[in-house]
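**Q** my questions are about this predicted structure, shown below with the sequence.
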Amino acid sequence: MAAQVSGVAIVSGGGRGIGAATCLRLADRFRAIGVIDRDRGPAERVAAELRAAGRISEARVVDVTDVEAVREAVDSLVTAMGGLDTVVAAAGNMVGGDVEEMSVTAWSSVLDVHLTGSFALVRAALPALRGSSSPSVVLVSSIAARGIAGHANYGAAKAGIMGLTRSLARELGPEGIWVNAVAPGFIDTRMTRDGAIDRGLGWEEFAGRAAAASALGRIGQPEEVASVIDFLASPDSSYMTGQIVYASGGI
């Protein structure tokens, strides 16, 4: 039986990669999807694609590290779309470098986008989520939380997302809001492809190394992570909270 199309979702980082794939996947179930991204072009393209598919969608251009701007964007989307049932914090960045060489600015920029951005989105969404009959929050962590050389800031941020997920689950559980995270492995996104360039590697070599480390012998696609997020955002996962679900191909 096809899922009923209803409800409202907001996705940060919704203009590209996993965030964009998530917006399009959620369109199977949600009647309205708000797209938040720092880049106008990608955000508006995704919103236009959602509208072409018959969904209500609006884009907001926001730097997720600006807590007040996130609040204003969420408030305006909730008003425009008529409520809120799910938020997905998929905004991310990656600035590499060995610890000895990494500037404080580079360190902070990654933690701010991933951790402060997730915090800001959830905090802004809470008043509206409390009005939903099936409120859910999905954050995006990574297998890099286990440790990643040359990207200590990214690994620390993604480990922080796991702690934030579990803390929010305990804090918001009594209100019926369930909070989970997905931890992707090596996924074919622009950010990952930029990682190959940063390392001075061709994409085929870089992706080939990751594929060899995977139990499935291949890298993942954004749509494969989006399907997990869709499940975690749905009432099918309503008795799951504080969980980290790996979508890593067995890495």
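**A** Sure, I can see it.
**Q** make it CA atoms for all contacts and neighbour counts henceforth
**A** Fine.
**Q** so, low pLDDT: which residues of the stretch 1-150 of the chain?
**A** 1-3 (pLDDT under 70).
**Q** ok, the residue nearest the centre of the chain - contacts?
**A** Residue closest to the mean C-alpha point of the chain, counted by C-alpha atoms, centre = their mean, is A90 at 1.7 Å. Residues counted as contacts of A90 (C-alpha atoms under 8 Å, 6 or more residues apart in numbering) are V11, S12, G13, G14, I18, G19, L139, V140.
**Q** same thing with A125?
**A** Here A125 is in contact with R71, V74, D75, L84, V87 (C-alpha under 8 Å, 6+ apart).
**Q** let's see which of these end up in strands.
**A** Among the contacts of A125, the members found in strands (DSSP state E) are V87.
**Q** compare the contacts of A125 and tell me which is most surrounded.
**A** L84 (30 neighbours; other C-alpha atoms under 10 Å).
**Q** spell out the residue ranges of the strands in this protein.
**A** Under DSSP E, the chain gives strands at 8-12, 32-37, 56-61, 86-89, 136-140, 178-184, 244-247.
**Q** for the ones you listed, which one ends up most surrounded?
**A** Counting by mean count of other C-alpha atoms under 10 Å, strand 32-37 has the highest mean neighbour count of these, with a mean of 30.
**Q** listing partners with orientation, what would you give for that one?
**A** Within its sheet, strand 32-37 is paired with strand 8-12 (parallel), strand 56-61 (parallel), according to DSSP bridges.
**Q** right, and these - which one's nearest I177?
**A** strand 8-12 (14.1 Å; C-alpha to C-alpha).
**Q** tell me who's in contact with the closest residue to I18 other than its chain neighbours.
**A** Once flanking residues are discounted, I18 sits nearest to P222: 4.7 Å by C-alpha to C-alpha, 6 or more residues apart in numbering. Counting by C-alpha under 8 Å, 6+ apart, P222 touches G17, I18, A21, T22, I187, D188, T189.
**Q** residues contacting the spatially closest residue to the fifth one that is not a sequence neighbour?
**A** Nearest residue to I187, sequence neighbours excluded (C-alpha to C-alpha, 6+ apart): G220, at 4.5 Å. Contact partners of G220, counting by C-alpha under 8 Å, 6+ apart, are G185, F186, I187, D188, S248, G249.
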